[in-house]
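S.K.: make a model of this:
(8 chains, ligands or ions: 10)
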Amino acid sequence: MTEEIIIAGFGGQGVLSMGKILAYSGLVQGKEVSWIPSYGPEQRGGTSNVTVILSDDRISSPVLNTYDTAITLNQPSLDRFESLVKPGGTLIFDGNGLSRMPSRKDINIYQINATEYSISHNATKTMNMLILGGLLKVKPIIEVDNVLSGLKKMLPERHHHLLPMNEQAIKAGMKLIQVFTV
Amino acid sequence: MTEEIIIAGFGGQGVLSMGKILAYSGLVQGKEVSWIPSYGPEQRGGTSNVTVILSDDRISSPVLNTYDTAITLNQPSLDRFESLVKPGGTLIFDGNGLSRMPSRKDINIYQINATEYSISHNATKTMNMLILGGLLKVKPIIEVDNVLSGLKKMLPERHHHLLPMNEQAIKAGMKLIQVFTV
Amino acid sequence: MRKGSEEIMLMKGNEAIAHAAIRCGCDGYFGYPITPQSEVMETLMELEPWNTTGMVVLQAESEVASINMVYGAAGCGKKVMTSSSSPGVSLMQEGISYMAGAELPGVIVNVMRGGPGLGTIQPSQADYFQAVKGGGHGDYKMPTLAPASVQEMADLTVLAFDLAFKYLTPTMLLADGIIGQMMEKVVLPPYQPRLTEDEIRAKYPWATLGKPHGKKPNHITSLELLSEDMENLNKRLQARYRTLEKEEVRFEEIACEDADYVFVAFGISARVCQKAVEIARSEGIKAGLLRPITLYPFPVEKIKELSNRVKGFTVIELSAGQMVEDVRLAVNGKVPVEFYGRMGGVVPSPNEAFNALKEKLIQ
Amino acid sequence: MRKGSEEIMLMKGNEAIAHAAIRCGCDGYFGYPITPQSEVMETLMELEPWNTTGMVVLQAESEVASINMVYGAAGCGKKVMTSSSSPGVSLMQEGISYMAGAELPGVIVNVMRGGPGLGTIQPSQADYFQAVKGGGHGDYKMPTLAPASVQEMADLTVLAFDLAFKYLTPTMLLADGIIGQMMEKVVLPPYQPRLTEDEIRAKYPWATLGKPHGKKPNHITSLELLSEDMENLNKRLQARYRTLEKEEVRFEEIACEDADYVFVAFGISARVCQKAVEIARSEGIKAGLLRPITLYPFPVEKIKELSNRVKGFTVIELSAGQMVEDVRLAVNGKVPVEFYGRMGGVVPSPNEAFNALKEKLIQ
Amino acid sequence: MAKLIGSIKVDIQKCKGCDLCVIACPLDVIALSKDANSKGYNFAHMINPDACNGCSACAEVCPEASITVYRVRV
Amino acid sequence: MAKLIGSIKVDIQKCKGCDLCVIACPLDVIALSKDANSKGYNFAHMINPDACNGCSACAEVCPEASITVYRVRV
Amino acid sequence: MNNMNITDIVNPANLVYKKNSVLNDLPMHYCPGCSHGVVHKLLGDIIEELNIQEQTIGVAPVGCAVFAYKYLDIDWQQAAHGRAPALATAIKRLLPDRYVFTYQGDGDLAAIGTAETLHACNRGENIVIIYINNGIYGMTGGQMAPTTLLGMKSTTSPKGRMYERDGNPLDMPKLLAELDGVCYVTRQAVHTVGAVKKCRRAIKKAFEYSALNKGTSIVEVVSTCNSGWKMTPDFANRWMVENMFSKYPLGDIKDTIQA
Amino acid sequence: MNNMNITDIVNPANLVYKKNSVLNDLPMHYCPGCSHGVVHKLLGDIIEELNIQEQTIGVAPVGCAVFAYKYLDIDWQQAAHGRAPALATAIKRLLPDRYVFTYQGDGDLAAIGTAETLHACNRGENIVIIYINNGIYGMTGGQMAPTTLLGMKSTTSPKGRMYERDGNPLDMPKLLAELDGVCYVTRQAVHTVGAVKKCRRAIKKAFEYSALNKGTSIVEVVSTCNSGWKMTPDFANRWMVENMFSKYPLGDIKDTIQA
Ligand SMILES: Cc1ncc(C[n+]2csc(CCOP(=O)(O)OP(=O)(O)O)c2C)c(N)n1
Ligand SMILES: Cc1ncc(C[n+]2csc(CCOP(=O)(O)OP(=O)(O)O)c2C)c(N)n1
Ligand code: SF4
Ligand code: SF4
Ligand code: SF4
Ligand code: SF4
Ligand code: SF4
Ligand code: SF4
Ligand SMILES: [Mg+2]
Ligand SMILES: [Mg+2]
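M.R.: Residues are numbered from 1 along each chain as shown, chains lettered A, B, ... in the order given. Ligands and ions are numbered 1, 2, ... in the order given. Got it, this is the predicted structure:
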């Protein structure tokens, strides 16, 4: 099985680290993984994205033109990546501040209002875990335990006390995500 | 007709300018000319040489391995260039301070003690004209008048009063040169 | 090569270089920041190897200074490196030529970005010519290794040092922005101790460590006054290059045994082509991939051999076509050699590579 | 091209460059001394063109500064140049790549000396690859002219400027120590006035001379944030290179009509080979010489054509063999291509060239 | 005594919510909005418009030149 | 009163006839020879050896390190 | 309360501060609160005020200000990293009646461009150098610069700059002031209204001086890089006041014209 | 007259001055009377005196002294033009107990090598820099250097250096002395016995200081280039005293160890 995912949003939205957690989780689960960020000055103020591949086999090309799953956290990202989801694939979007909603009918679309939720719950730091939770709900590619071990691997020891909070956020995200009908 | 000449000596002996005068003279006489110096730090204290080609036709290679005529002004130059004179060609050497004399039998060898002469006549500045005179005596490739016009072309106006002195030196050189028998 | 703890880690290609350098006993790193490779020095500064192996890490004032620091340290028989990206590597060309002329080992990492000029910071392979033909002046060649994965970023760093010291030559690791920035699994090479001074004196008697009593002094230089002497130096270098060409060619073949058509590609392009091979095979086209790991020495013999049994080659590069010339030189007219490339930081997709094969070569 | 007084003068190749530059309306020279080309700047300083044509001559603090001064002045639509020799030209590689990327015209003279490293100051042709393949980073090509006489040092200086402005590209005059240092007869090109500012604005509307009221400002840059934009810049450059390759190939053929064997050589090597042709013909061997005047664009079609009717090529270079690759690419396996070279400052004699032909190709 | 009354106009699409105008304003006229502009920035706006005396401090320090200041003497 | 007497030895093959020792010698001991060495240089030699007091001035300034100095107190 | 409402006040007649016309409307790519934006604005102010928009040529660096050319509506060249003074030298020599200025960061000017800067100044090129000293390499993600303070953290000095390894922070303007070719050197900042106003005057002076052909004018702006420093813009300003100003004290360093 | 003959005096027992053992017997390639020879000799003297021949590594420049490595019997590296301080930095960092020195001309140090020199000094590398300032590019045939005096002729300033075109002569050691990383800067000459002796002491101090790890030591030797200046060696010395010393006055510029 191979899962090809793109996550995109504003620079400050934790897109890269969300991808990293996913990659580390894949590592824990014994998968082949690749993680490619968009890098450079466009991060500064602009948008940022990361491609994550999780696979049971050796990954040939880490560069992709279409994706099994796209996660978009703002309007420009939605505009850019909706069309690149493979037919039958999955789009997860944060509805915050959108002026144009997704419109494809050949893919599975989910909405997760993580921005709104995390602001109202004063938990912007775990916003990306909410979304990850949402992803794992609709695409259970990685076991939640492995995500937590991955997170543990990734975080320096001094931050390990934050793990329970993150676990909660994953669970909240699983509840927050909704099917979106075009 | 093509005449391929190498002139070699110590840095200070005016080797390059002797070649230059020859080249300018050739220019005046309507010949094709090429002048290639040895260049670089070896000049500093070391030896220096210049290749001059005078020809009625377009000069193909200005780089030569053998010469019609070699003029050597010190021991290292004699040692290096005697063997590079074409059979039947000409070697002119200054005898000053030599410990080994030329020895080839298949070329025409001439001695000109220009150093000695110019020191004793307090005329070291025109030493190279002496030698040029010697050359023109045994190889009248350029007319003396053209040498003087060449010199005029080469020298800045303010030095033109030196021309008669140079003419004298050429004539003296013509007398000074001697056949050398191995 | 792999010994010790086989711990599987996840890291960026640039980070893997830093870890591998420390582990293989590197004595020093000198560099100047530039995207997309700044993580090499940043990781070293984070790891503080001066506290463990004693490795020196110094941020220089420029790439010109960096490469000349590498020269100085290499002249002492030390295992040293620098890293940069395209514009910075252009600034190193004089220094690299000096190292080649002075017969000094050292590793230069170029994580290429799109040029010419300031260009983009996106991935590119357009410094191939600079690396393998000679971006600097004079006749020199530089072993050039092209990693295609994070694992190879680590492994080829170690190999680069080995080649550098075996052949006394600057050696280049020629990666691209993607290989530098992507994270993959990697098993780091085992620790090798840094050489002691006595070991350096024994292995590299030319090193300037201070002239031992009664011995002749050592001179690191690329200068010869007489052209004859300089030609002799050049002959020595050329002889060494012939040995390199005989002994050190490395490549990977994927599905070439029965291939009718062969992709030739390195680095990230090879990864893309690997998927293109899968696509082609799924459409019944017998495609294969030859991935040069050493760009210099180039797998000339292998390509010659393949050109006797395949119908053609498609070369895919992130450039206007550079390595394709070496492929053509090796094929020497026997079968068609086609090219497809993207420039300025754009990476072709596997589909594009496959289409290039189909449209240019097969139809 | 020749008008006005046809006075025949005797001077060094380096001096001829300086004279020709002033005469063709050059606006500025920026350089740093290095043997064997320092006479270029020295002659300019002696001639004091600032008093006559208004040309600016400035000694820079380094070759890095020189090339970037050329960039700045070229960005104003000015006709400017620099000159150096091998190590100095290596230092200019970043700047040259920037000029290519920013589409700036300018002339760079490289009077090559023996490398690699500090090497010797004797003549060499071992920077061929650097000039024509791309010593700097990224995909760019640079028109490269190879004078073989003092006359051509003057004439090709003028042509270099013309090409630079026609194709908006840095352009190289690739000479060697001998052509720079030798004196030959030369008829200097006629005087052309320097362009006025109005003329520059009209001819080169991209020039940064100060933005006229109500117009868009001009930007000289080689930077693009998005790879797609950078690829477009590269496509524009590549298209221009294709035109160059079609329109600007220049070469000289000597005794090629009936030749069985053809020497290919440029610069001083071509002069040597010309004599080797004479020797060969005197021995009854039908030899000829193809002398590329433009090294880029290379006379590919001419060589292809010749390869249909000759028995083989012998390439003679002052290097370990660089241009020979371009000859082989053009010949593409049709007939043998042999190479003979000397390195590190040594110049082969006509006899050596002839022997190379005889021994490698004919026997 | 004449009194200065002022007002500012913030180009909210250019504002990046850096907070520097907020700090620079001597009269606490400005604050960052809860809403974000299309780039996701919480832009500056007047929360206490009546206090503004048009001193331009906010505009001087604004890195985006996104503040225009008006002032009348009444 | 004790007197210092000295002498110098010039390595005439290394000497380049630069004249600096001649000028440096306070006692005019040295001059350049009319003869040249194998490089063509008129080397330095003592023309007034008895005057030498072994002060080493000549040797200190010699760029070729071609002078050795001896001195005795008599 | 006053008896005017906002629409009464917001009226062209009452305008007291607006963006100058030289600064474009394009949003700048800088991080929120970055000093570069303020300095760009001041340059636009001065070019407008001196009415030299058509005679001014800017040279942009490699650094965060690499895109400066997008924001000021004048002719610009973009220089290779560190080489802006070489470009400016040539431009000014060939167009002596133009106003030519470089805009450089501390990595650009004080590291890789040391030689080009020092020699342009030593030759006394009649140009203006705007020097944004934010103590870090902003563009490439916050590495140590020659100007980074001792103990200051960066991605290449994660435990802080150490004297033994990295040397002391380098004060280039102070050195350059020693050169005869330099006529004006001043150090400014843009963290307060007062500082902004002073800085504007300094830049104006530098441009005016550059027309006198008396040598090089240098305006250093001690700046923040809140991204690189990992601080909020406001905190960065306060940190700058407390830490940078002792090493880089504000004020004129040299003024041979006025003196 | 004395009652000893020469052979009595010329006797090992009476030796008062001989070439040091570190200087090789190879004839040097310098022009007659060139200052480089004297400075080489002094370096040999000091290396012998301090008994550090086995711990010393020299870095030769590109310039007339490019072959310095042939003349002093120690380990040497030959650096690219201007980059000697970068080499020395790396050598010293990797071999901290060695004595590492560069030997550089004024073109090498003050033109093309400006950045490498300034930054090695700013980092306070514990090396010695020997700086031969002869106001010209000797090696390449007498072109103008950054140090060439105003009005002084060279092949690239045939009518003399002009302030408007070329700027004023550059005094690098004075600038470098401003840097915290530099502990010792002195300006010497070798035109007289007294000067030679002082210069020897200065070089010794520099080597001694470099072992203290207190920073960079710089010994400038104001020198002649009689070939480039087109003067006899003696006349060149006198010209130097009359013209160079006012711009480059001899003496210590900085000494943080003694002070
Ligand atoms: C030759 C070269 N080396 C390195 C770089 C990478 N680089 C880009 S900007 C920069 C430094 C920027 O720092 P600074 O000049 O202080 O400007 P800031 O971004 O802080 O304003 C570097 C090292 C480059 N583009 N070119
Ligand atoms: C990159 C480079 N540029 C230029 C040169 C040519 N070059 C050799 S020595 C030299 C200058 C020598 O002057 P200086 O450093 O003052 O030493 P000096 O000969 O006067 O002792 C130059 C420009 C070179 N070898 N390499
Ligand atoms: S200073 Fe400008 S950018 Fe910052 S918050 Fe205020 S208006 Fe917005
Ligand atoms: S103009 Fe003055 S008072 Fe009004 S908002 Fe701005 S800073 Fe505050
Ligand atoms: S030792 Fe003194 S007195 Fe004797 S020759 Fe030398 S300088 Fe003269
Ligand atoms: S100083 Fe030395 S080289 Fe010069 S003349 Fe005297 S002995 Fe000879
Ligand atoms: S990184 Fe720093 S200097 Fe660059 S834009 Fe952001 S705050 Fe400004
Ligand atoms: S050229 Fe000048 S510096 Fe060089 S050796 Fe001769 S005198 Fe000395
Ligand atoms: Mg900065
Ligand atoms: Mg000098």
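
S.K.: in the chain, which spans are strands?
M.R.: No chain was given, so I picked chain A. Taking DSSP state E as the criterion, chain A carries its strands at A:2-10, A:32-37, A:47-55, A:67-72, A:85-93, A:108-111, A:178-179.

S.K.: that's the other chain; I wanted chain G
M.R.: With DSSP E as the criterion, chain G has strands spanning G:15-17, G:56-60, G:75-78, G:99-105, G:128-133, G:136-137, G:143-144, G:182-189, G:216-222, G:251-255.

S.K.: does ligand 1 sit close to the fourth one?
M.R.: By that I understand strand G:99-105. Yes: using CB under 6 Å from any ligand atom, strand G:99-105 reaches ligand 1 at residue G:105. Heads up, the C-betas are built off the backbone N, CA and C, glycines and all.

S.K.: likewise for the third one?
M.R.: No: using CB under 6 Å from any ligand atom, strand G:75-78 never reaches ligand 1; the gap is at least 10.9 Å.

S.K.: packing partners of that strand?
M.R.: helix D:63-75, strand D:219-220, strand G:56-60, helix G:68-71 (3 or more CB pairs under 8 Å, 6 or more residues apart in numbering or on different chains; DSSP states H and E).

S.K.: list of residues touching the last one?
M.R.: Residues lying outside helix G:68-71 but in contact with it, judged by CB atoms under 8 Å, 6 or more residues apart in numbering or on different chains, are D:217, D:219, D:221, G:23-24, G:26, G:28, G:36, G:40, G:58, G:60-61, G:76-78, G:103.

S.K.: got a quick PyMOL command for the buried subset of the residues you listed?
M.R.: Buried residues within these, by 16 or more other CB atoms under 10 Å in any protein chain shown, are selected in PyMOL with:
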select buried, (chain D and resi 217+219+221) or (chain G and resi 23+24+28+36+40+58+60+61+76+77+78+103)
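
S.K.: so which of the contacts of helix G:68-71 comes closest to chain F?
M.R.: Ranked by distance to chain F (CB to the nearest CB), the contacts of helix G:68-71 are led by residue G:61 at 46.3 Å.

S.K.: which non-adjacent residue is nearest the residue of the stretch 251-363 of chain C found nearest ligand 1?
M.R.: Across the stretch 251-363 of chain C, the shortest distance to ligand 1 (CB to the nearest ligand atom) belongs to residue C:345, at 14.1 Å. Spatial nearest neighbour of residue C:345, excluding adjacent residues (CB to CB, 6 or more residues apart in numbering or on different chains): residue C:122 at 2.7 Å.

S.K.: show me what contacts the one you found?
M.R.: Contacts of residue C:122 (CB under 8 Å, 6+ apart): A:40, C:113, C:114, C:177, C:344, C:345, C:346, C:347, D:227, D:230.

S.K.: same for ligand 3: which of those are within range?
M.R.: Applying CB under 6 Å from any ligand atom to the contacts of residue C:122, none is adjacent to ligand 3.

S.K.: who wins on neighbours among these?
M.R.: The residue in the contacts of residue C:122 with the most neighbours, by other CB atoms under 10 Å in any protein chain shown, is residue C:114 (34 neighbours).
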